[in-house]
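Visitor: Provide a 3D model corresponding to the input given below.
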Amino acid sequence: MRATLSRLARCVLALTVLLAAAGCGGDRSGDSVTIMVPWSGDEFAAFYAVVKTFEKDTGVRVNVQVTRALTQQLDAAVGAGAPPDLAILPSVGAIYTYAAGAKGLKPLGRATDTFLQPFQGLTKMGDDVYALPVKVDVKSLVWFRPALVRRPPVPAGLQDYSKGHPGTWCLGLESGPTSGWPGADWIADLVLSGRGVGAYEEWLSGKRPWNQVAQAWSSWRTLVGTSAKGAPTQMYSAAARGMTTKPPKCSLAHGALSAMGFDAKDVQKGRYDFVPSSATHRLEVSADFVGKFTTGNANADALAAYLAGSKAQQAWVDQPGGYAFSANTRVTHYANGGVQQRIAEMLRPHSGYTLCFGAADAMAPDVSAAFYRAVLIYAEQGGTDPSSLLGKLDQLQQKLGRSGKSPVPSGRLCATP
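Guide: A predicted model of the protein is given here:
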């Protein structure tokens, strides 16, 4: 009866997701494993191609549950006592949040592959491995179409370029329950480049008040200028399409390649290009990790190790249109070449870049949610003084006390590969 109810609970939970690549059913043991993921479109297609190879090689059935509200769905599943075997953890903070207390994250089997920093530093707590990086991104990029922008704007000249070209930015801040995150990433980018790694880590860990990063907020609001009009209700995933309208609505966009929504063939043909958004060789990065939430199913450990391993990672990054990047040290060549290969090189040892996890990804959940809301409000304001909003964020963090601090140890937020 208990096993029947457990399977029923998993099926009910799966019905609430936005898309299911495979249905419920089957045991968590034996020849199957369940994994919950947040991806759709090309990102999901790239992941699923890797999964099908695992199934073919091992004979193990992979039941995939897809949801755009992964944190809420995973919390509900854990609370109902019917978690998936594996789940993709969409931020560095999620690893520590789910590993704490009774959240349910279990140690994984021994990993044989090594990973780039700072991703390697997050795979272990004590002697146990709790998560493995399966997909990484570089956020500190400014995108443009060479056909529209003849001379790429160097990072130091972006403010002047924007002043001379009103409405320059393809800016969208709408993103469902996490609306505001594109602006939060951009502001964090400016803190990192302007204040340095030490101040950035202190801010993320709650040791530096929000009013001490006010300059980054003001710089962002000045930079986006009139592009902020309507941005809180403009979908981020659609904003960059403004480059392709006739006439173009905008000419620059900020963020990771996978989030831009560019046509893969256009990227490969050089119709889009990028420059780093910082002149200081400091980059904001993000990662999706795989974590385990059940025990007793060896297939879960096998799939997690496979997804992070060099064979699957190489196949994953070589999928057309997915634009994944790997933290696996053995993956150095990208079949799609061009833009994707150049971004990948920024993650490699001796690139000269310092890599830091995105601020909101490392903050306590209540603080990052407030950060997003403040960005939406600030985007609508005509002025550039953020002191009132920052004061409220300081008050919230003080009220939350210890629970308002980042769950991630500050020494693991940044690293030089």
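Visitor: which residues of the stretch 1-150 of the chain fall in helices?
Guide: 2-15, 41-58, 70-79, 92-99 (DSSP state H, counting those that start in this stretch).
Visitor: Taking their axis directions, the last one and helix 70-79 sit at what angle?
Guide: Relative orientation of helix 92-99 with respect to helix 70-79: 10 degrees, computed using axes from the mean of the first three to the mean of the last three C-alpha atoms, to 10 degrees.
Visitor: mind saving the C-alpha coords of helix 92-99 as CSV?
Guide: What follows is helix 92-99 as a C-alpha-only set of coordinates in CSV (Å, rounded to 0.1, in the frame of the first residue of the first chain):
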residue,chain,number,x,y,z
VAL,A,92,24.7,27.4,-5.9
GLY,A,93,22.6,28.5,-3.0
ALA,A,94,20.1,25.6,-3.6
ILE,A,95,22.9,23.1,-2.9
TYR,A,96,23.4,24.3,0.6
THR,A,97,19.7,25.0,1.3
TYR,A,98,18.7,21.5,0.4
ALA,A,99,21.7,19.9,2.1
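Visitor: what's the spacing between that helix and its chain's center?
Guide: 14 Å (C-alpha atoms, centre = their mean, to the nearest Å).
Visitor: quick one: contacts of that helix?
Guide: Residues from elsewhere that reach helix 92-99 (C-beta atoms under 8 Å, 6 or more residues apart in numbering): 71, 74, 89, 103-105, 122, 125, 130-131, 286-287, 289, 291, 293, 357, 361-365, 368, 406-408, 412-413. In this view, the C-beta of every residue, glycine as well, is placed from N, C-alpha and C.
Visitor: One more pass at 7 Å, please.
Guide: Contacts to helix 92-99, defined as C-beta atoms under 7 Å, 6 or more residues apart in numbering, come from residues 89, 103-105, 122, 125, 130-131, 287, 289, 291, 357, 361-363, 406-408.
Visitor: Which among those count as buried?
Guide: 89, 104-105, 122, 125, 130-131, 287, 289, 291, 357, 361-363, 406-408 (16 or more other C-beta atoms under 10 Å).
Visitor: just to revisit the earlier point, can you tell me which of the contacts of helix 92-99 are in strands?
Guide: The strands, defined by DSSP state E, take in 89, 125, 287, 289, 291, 357 from the contacts of helix 92-99.
Visitor: excluding its backbone neighbours, what's nearest the first one?
Guide: It refers to Leu89. Among residues not flanking Leu89 along the chain, Phe289 sits closest, at 4.5 Å (C-beta to C-beta, 6 or more residues apart in numbering).
Visitor: which residues does that neighbour contact?
Guide: Contacts for Phe289 (C-beta under 7 Å, 6+ apart) come out as 89, 95, 131-134.
Visitor: so the closest residue to Ala359 other than its chain neighbours is in which element?
Guide: Distances taken as C-beta to C-beta, 6+ apart place Ala188 nearest to Ala359, at 3.6 Å, with adjacent residues excluded. Using DSSP states H and E, the element containing Ala188 is helix 181-195.
Visitor: buried ones in the helix or strand following that helix?
Guide: Per DSSP H and E, helix 181-195 leads on to helix 197-204 as the next helix or strand towards the C-terminus. Of the residues in helix 197-204, 197, 199-204 count as buried by neighbour count, 16+ other C-beta under 10 Å.
Visitor: Go ahead and confirm the residue nearest to Ala359 touches Asp361.
Guide: No - in this structure, Ala188 is not within contact of Asp361 by C-beta atoms under 7 Å, at 9.1 Å.
Visitor: mind checking the end-to-end distance for stretch 152-160?
Guide: Across stretch 152-160, the terminal residues are separated by 13 Å (C-alpha to C-alpha, to the nearest Å).
Visitor: mind checking how far that stretch is from the chain centre?
Guide: 25 Å.
Visitor: Tell me the bridge partners for the residue most central in space within the chain.
Guide: What sits nearest the mean C-alpha location of the chain, by C-alpha atoms, centre = their mean, is Ser286, with 4.4 Å. Beta-bridge partners recorded for Ser286 (DSSP bridges): Asp137.
Visitor: wait, what's in contact with it?
Guide: Counted by C-beta under 7 Å, 6+ apart, Ser286 has contacts 136-137, 139, 357-358, 361.
Visitor: Recalculate using a threshold of 6 Å.
Guide: With contact set as C-beta atoms under 6 Å, 6 or more residues apart in numbering, Ser286 has these partners: 137, 358, 361.
Visitor: can you check Ser175 too?
Guide: Residues near Ser175 by C-beta under 6 Å, 6+ apart: 181, 236.
Visitor: Strand partners (parallel or antiparallel) of the host helix or strand of Leu355?
Guide: Following DSSP H and E, one finds Leu355 within strand 354-357. Strand 354-357 pairs in its sheet with strand 282-292 (parallel), strand 414-415 (antiparallel), by DSSP bridges.
Visitor: Low-confidence ranges, the chain, go.
Guide: 1-30, 101-103, 111, 166 (pLDDT under 70).
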